[in-house]
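> Give me the fold of what follows.
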Amino acid sequence: MKRIRRRATGIIIIEGKVLVFHRYRNGKWYYSFPGGGVEKGETPKQAMIREMQEELSIDVKKFIFLFSVDVKLDKKHFFDLDENPEGINKYSPVQYFYQITKFFGDPVLSGPEKEKESENNQYIIKWISISELKNYKNLFPEEGRRKLITLFDLA
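Alright, predicted model coming up:
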């Protein structure tokens, strides 16, 4: 039986702005939501909490489930940004989105993302206006961005 990879995403909104990573990889700039893969024996909720601690050094205290997306529905996604001559899909087609409503700490880049940073692999924390979300066409996954726009009635 083929295992379906899953990813948990944390959405942080403060004063009308949402936290994203402004990424540079393989010569391309794009945006992504913080989060990561669900590990064996972990629920998506547990993965989101762990990933926020690892990537942003924050302790999540309260959150709500927003939605899940199947990124295979995306016409264009950040998978295409990776050099992948073997055609191996190392990304997670199913992604769970949680809005973090209470946390402790100040979000700063940390963990494996900070360790992997280089001239050709950058993670920059950026706060973008939630009302401008519809203008960020290179924010991935695209299906997640579209659902957030609908959820927050930004169309």
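> got the phi/psi numbers for the residue nearest the centre of the chain?
The chain has F33 as the residue nearest its centroid, 2.5 Å off, counting by CA atoms, centre = their mean. Backbone geometry at F33, expressed as degrees, to the nearest 10, gives phi -90, psi 150.
> which non-adjacent residue is nearest it?
Leaving out its chain neighbours, the residue that sits closest to F33 by CB to CB, 6 or more residues apart in numbering is T9, at 4.6 Å. Backbone N, C-alpha and C define where each C-beta goes, glycine included.
> before we move on, what about E54?
G111 (3.7 Å).
> That neighbour: what's it in contact with?
Applying CB atoms under 8 Å, 6 or more residues apart in numbering to G111 gives the contacts 53-55, 57.
> ok, so of those, who is nearest L154?
In terms of CB to CB, no member of those lies closer to L154 than E55, at 25.1 Å.
> so the closest one sits right up against S110, yeah?
Yes: counting by CB atoms under 8 Å, E55 does reach S110; the two are 6.5 Å apart.
> between the two, who's got more neighbours?
E55 (23 against 15; other CB atoms under 10 Å).
> circling back: what about the residue nearest to the centre of the chain, distance to Y96?
The gap separating F33 from Y96 is 11 Å, by CB to CB, to the nearest Å.
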